[in-house]
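# Structure of the sequence below:
(2 chains)
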Amino acid sequence: MRDELERIAIPDADAASERARAVVLAAFREREPVTRPRRGRRVALGVVLAACAVALAAASPPGMAVVDRVREVVGIERSAPALFSLPAAGRLLVGSDAGVWVVDQDGSKRLLSGYREASWSPFGRFIVATRRNELAALEPDGDVRWTLARPGVAQARWGGTETDTRIAYADRTGIRVVAGDGTGDRLLAPADRAPFAWRPGARHVLAYVSASELRVQDTDTGQVLWRGNRGLNAPVRALEWSDDGRRLLVLSPYGLRVYEGRGRLAVHREAPDAGRFTDAAFIPGTHRVVLLRNAGDVVYLDTQRTIFRGSGLASVIPSPTQGWLLVTWPRADQWVFVGSGGRLRATADVTDQFHSRSGFPRVEGWCCAKR
Amino acid sequence: MAGAGRDERAWVRAAQRGSASDLEALFHAHWPAAYRAAYLVIHDAALAEDVAQEAFLAAIRNLDRFDRRRPFGPWLHRIAVNRAIDAARARALRRESELVEETASAEDHEPVDDSVLRALGALPPEQRAVIVLRHLLGYTPGEISSLLELPRGTVNSRLRRGLDAMREEL
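As a prediction, this is how the structure comes out:
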C-alpha cells in the first residue's frame, strides 16, 4: 500500500516544493521574537471596556450627546468641514448609498446615481460601473456609452492600452471579459468571482483568485501564465499590480504576498498571531508597498516606518503622483490625506458629504491610481 | 520517519538558534511526506501546497517552544493532516464548482493509472487521513489516535472501513 501511495503522481510537485521552500525560508528569516501576550490582554480589555462604555452611553437619550462627544475626540482635531479640494492631481471615484461620485481636484462632485460600484478605465477617460443586473461604460460626466445586462453583476475592472481595452467583471456565471466597446462578452473563469486585477501593458492579462489558487491568465488566448499560492481559507482583501506590471500584491487578513516574474514569490509577510492586515497598495511608479495593519497603523512594508496611526482605519489609497496617501477613517467619519514629511489634511463628515445613510463611503480609485 | 534521529535534533536545535540552512534541511527532510499526505487527503495539489506550507509556517511560529527531544515529523504531520481534513471538508462543499477546473486541467497531464487515488478519493476525508497516516507515514493506530486526538477504536474502525471500501472500488 505504501508503494502505491508513494507512486501517485502529484501535478507540479517540484515547483510546489520550490515555492514552499522560498516561502518557508523567507518566513523563517523574518520571524520575530515571541509576542507579548500580557499587552495583548490589556489591549483586548481596553477594547471591551471602550465598547461597553459606548454601548452604555448610547443606551439612554442623554447618552447620545456622550457618543457625539466621544466621536469628536476621535480623528484629526483640525479637520475641514468639507472636501474643498484634493491635495494632488487626479480625480476620485467614491461609492456610497446614493451611487458613484466623481470628485475633481477642485472638490466639485458629480453623482452618477443608482450605481453600486465603479472603477476607472486605464487612463481615466471612462468609468465602468455596475448595477445589480447591469454593467455600464460611462463618461465621467455621466453620459452612458453602452450597457450590458447580466445577472448579479458584482465587480468590474477596466484594463489595457489606449487603443485596445478589456473589462473584466463578475456575475453569477463567474468571471467574464468584454472588450472596451462592449463587444465580445465571454466567460473566462466559471464559478470564480472576485477579486481580479489587470496587468498594465499591451497583453490582456488578468490576475484573479480562484477557490484554491492565484491565477494569472492571458484572457485573449486563455493560457494560464502562472499560478501562485493564494493563502489558506481567507478572503483576499487586495489584489493589485505595480504600475510596470512586474509585481503583483495579494493581501489577505493573515498574509501579504508580492509575486514577480513567473510567479516567483518576492515578499511574504504573515500577520502576527493576534494581528490582521487591513489593506495594502503599491506607491505609484515604484515597487514600494504601503500597508495598513490592524486597522490602525499605516506603514511602509520595506522599512516598517509608521506613516500614520489611528483607530478604526479602513483603507489606504496612494495619489496617482507620488506624495500623498488618502487614509479613510470610518470611526472618525474622516478622510485624512497624509503627505510626505508628515503633512496632514483631514476632511470631516464624509458620510454626509456623499449622502450615505448606512455605510461609510468607499474610495474606488484615485485616477489613475488603479485599485 | 524521514529525518528522524540525531541529525534532526541537531537541525531543530540550530534552527531554534536562527540557522536558515538547518531549517532548510528540516524542510527538505519533511516537505515531501507532508505535502504528499496533504494531497492524498485533499486531492487538490494547489490546496495541498497551501496546507503543507501553512503547516511549516505554523511550525516555524512555534519553533521556540518546540521540545527538541521529541521528533519533529509527528508534530508537523499532526498540523498538516488536521488542516488537510478541514480543507477537504470545506472543498467538498464547493465540489460542483471545482469540477470545471479539474476537467480543464486533466488534459494537461499524461494519462496515469490513478485507480488507487480514485479509490482513496471516494472515501470521506477522515478515513483518508487515517489511511494516509498509517500506510504512507507509517504511524501505528495508537500514534494516530494521539495525533488526531481520537479514541483508538475510532482509528481502527476508520482504517478498516476505509480499506474495505478501497478494496471494493479497486
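
# How about A:Y169: what's its closest non-neighbour residue?
With sequence-adjacent residues excluded and distances taken as C-beta to C-beta, 6 or more residues apart in numbering or on different chains, A:Y169 is closest to A:A156, at 3.9 Å. Using the backbone N, CA and C atoms, a C-beta is placed for each residue, glycine as well.

# give the contact list for the one you found.
By C-beta atoms under 8 Å, 6 or more residues apart in numbering or on different chains, the residues touching A:A156 are A:117-119, A:128-130, A:135, A:167-170.

# element containing it?
strand A:155-160 (DSSP states H and E).

# cool, and B:A38?
Following DSSP H and E, one finds B:A38 within helix B:20-42.

# again, but for B:R13
Using DSSP H and E, B:R13 sits within helix B:6-16.

# other SSEs contacting that helix?
helix B:20-42, helix B:72-93 (3 or more C-beta pairs under 8 Å, 6 or more residues apart in numbering or on different chains; DSSP states H and E).

# comparing those helices, which gets the lowest mean pLDDT score?
Looking at the helices and strands packed on helix B:6-16, the lowest mean pLDDT belongs to helix B:72-93 (a mean of 81).

# got the buried residues for that one?
Using 16 or more other C-beta atoms under 10 Å in any protein chain shown as the test for burial, helix B:72-93 gives B:72-88, B:91.

# Look up how far A:G310 lies from A:G359.
Remark: distance between A:G359 and A:G310 (C-beta to C-beta, to the nearest Å) = 19 Å.

# ok, now A:V299?
13 Å.

# Ok, B:S19 next?
Applying C-beta to C-beta to B:S19 and A:G310 gives a distance of 40 Å.

# Those two: which has the busier surroundings?
Neighbours were counted for B:S19 and for A:G310 using other C-beta atoms under 10 Å in any protein chain shown; A:G310 has more, 19 against 15.

# which residue packs closest to the more buried one, ignoring adjacent ones?
That would be A:W329: by C-beta to C-beta, 6+ apart, it lies 5.7 Å from A:G310.

# Settle this for me: the one you found is touching A:S315, isn't it.
No. A:W329 lies out of contact with A:S315 (C-beta atoms under 8 Å); the separation is 9.4 Å.

# okay, and the helix or strand of chain B with the least pLDDT?
Within chain B, no helix or strand scores below helix B:95-106, which has a mean of 34 by mean pLDDT, DSSP states H and E.

# what comes up buried for the helix or strand just after it?
Next helix or strand after helix B:95-106 toward the C-terminus (DSSP H and E): helix B:115-121. Of all the residues in helix B:115-121, those buried under the rule 16+ other C-beta under 10 Å are B:116-117, B:119-121.

# now the strands for the stretch 251-371 of chain A?
A:255-260, A:264-270, A:277-282, A:289-293, A:297-300, A:306-309, A:315-318, A:324-329, A:334-339, A:344-347, A:362-367 (DSSP state E, counting those that start in this stretch).

# circling back: most widely separated two among the buried residues of helix B:115-121?
The largest separation in these, counting by C-beta to C-beta, is between B:V116 and B:G121 at 9.4 Å.

# could you check the angle helix B:20-42 makes with the helix holding B:R13?
110 degrees (axes from the mean of the first three to the mean of the last three C-alpha atoms, to 10 degrees).
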